[in-house]
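A.B. asks: next one to model:
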Amino acid sequence: MRRREFIAIVGGAAAWPLAARAQDARKPARIGYMTPLPLNPSFVQGLRELGYFEGRDFEIEYRNSRAPGSLPALAEELVRLNPDVILAGGLDTVVALRNATQTIPIVSPTLADAVHIGLIASEARPGGNVTGIEPYVAGLPAKEMELAREIVPGASEVGLLTNLSDPKAAPQARELEAAGRKLEVDVTSSDANRPEEIESALQVLASRRVGVVIVLQSSLLLSNSQQIAALALAKRLPTIYGYREHWRARQLWRGSELVLAPSRLFRRQDLARRSTGRSAGRVPDKDAADDQPQNGPGSWPHCAIVSARSGR
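C.D. replies: Okay, here's the model as predicted:
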């Protein structure tokens, strides 16, 4: 899929407050930006591609949501600034912001299981004030389980590195466990909800001598991809990742090997942030956010990345 085609698919909605504010150059639109990661320049690039420039057309109020305990307070603080739209990175951040406001449009590149959680009414017509991109949909984790059996055919037990405090982790774990039962493979989960818990969680899987480890898609595990890469190699654990950034981190360490990947790899974060910027630039108000459909892997490329050289 070409990038222009991808952007056209993901960005579809009407004009946003920037268009209205363009008539009053003295008052730029205000964008709330709340994520556990630094402000990504791809988000600003997405708005620039729509003809909106920071300082002239909009200003950004940034809040780092890395500390989970601070989410409700940070969300309320950001909402009190009354931004025109909020970019939310991390599903837990979306939940905190949705609890703080039901009127300010919230756009996220990391929605998952949003209908079940109650953030949206449906993918086609979300309702309320939340819209964005769904990087996980049903069916993808089952494919990862199939890949696990392919790269280690004799594996009788597959390990899951989970992060169940992230709302999008539980549906992945359930699907992986169901896929394991179907393939008659034992599945062992080990949970890590803080960076300092990752090493012990991987040690549990190593102690059980699982044949391969599937790392779930979550904000915490993605943010700590280099730590996971180093530990998995040290413990000789073949691993499967849903995000390309994990494999990139593992390539920094000697002994990693790319076994399977699609013919065209995309930087997930850049694509998500840039297209979220474009989506934010097209959400005019709460009613338009209500009408803007969710975008998912059917609209943009997904890949499973496998590192299998374990040193065994």
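A.B. asks: please report the distance of the residue lying closest to Lys168 once chain neighbours are set aside from Thr162.
C.D. replies: Closest residue to Lys168 apart from its sequence neighbours, by CB to CB, 6 or more residues apart in numbering: Ala112 at 3.1 Å. C-beta here means a position set from N, CA and C on the backbone, and glycine is covered the same way. Using CB to CB, to the nearest Å, one obtains 14 Å as the distance from Ala112 to Thr162.
A.B. asks: secondary structure element holding the residue nearest to Lys168?
C.D. replies: Per DSSP states H and E, Ala112 falls between elements, in no helix or strand.
A.B. asks: right, and it touches Glu175 too?
C.D. replies: No. Ala112 is beyond contact range of Glu175, at 11.7 Å (criterion: CB atoms under 8 Å).
A.B. asks: between those two, which one's more packed in?
C.D. replies: Shown here are Ala112 and Glu175; by other CB atoms under 10 Å, Ala112 has more neighbours (25 against 19).
A.B. asks: and the pLDDT at that one?
C.D. replies: With respect to pLDDT, Ala112 has a value of 73.
A.B. asks: can you list phi and psi of it for me?
C.D. replies: Phi and psi for Ala112, reported as degrees, to the nearest 10, are phi -160, psi 140.
A.B. asks: quick check: the gap between it and Arg209.
C.D. replies: Separation of Ala112 from Arg209 (CB to CB): 31 Å.
A.B. asks: residues touching Gly154, list them.
C.D. replies: Gly211 (CB atoms under 8 Å, 6 or more residues apart in numbering).
A.B. asks: any idea which element it lies in?
C.D. replies: Gly154 belongs to no helix or strand, assigned by DSSP H and E.
A.B. asks: so how far is Asn163 from it?
C.D. replies: 28 Å.
A.B. asks: please apply the same query to Ala114.
C.D. replies: Here Ala114 is placed at a distance of 18 Å from Asn163 (CB to CB).
A.B. asks: restrict stretch 47-59 to CA atoms and write it as CSV.
C.D. replies: Output of stretch 47-59 as CSV, limited to C-alpha atoms (Å, rounded to 0.1, in the frame of the first residue of the first chain):
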residue,chain,number,x,y,z
LEU,A,47,-1.0,18.3,10.2
ARG,A,48,1.6,20.1,8.0
GLU,A,49,0.5,17.9,5.1
LEU,A,50,-3.0,19.3,5.6
GLY,A,51,-1.6,22.9,5.4
TYR,A,52,-1.6,23.6,9.2
PHE,A,53,1.6,24.9,10.9
GLU,A,54,2.5,25.0,14.5
GLY,A,55,2.5,28.6,15.9
ARG,A,56,0.4,29.9,13.0
ASP,A,57,-2.6,27.6,13.0
PHE,A,58,-2.2,25.6,16.2
GLU,A,59,-0.4,25.2,19.5
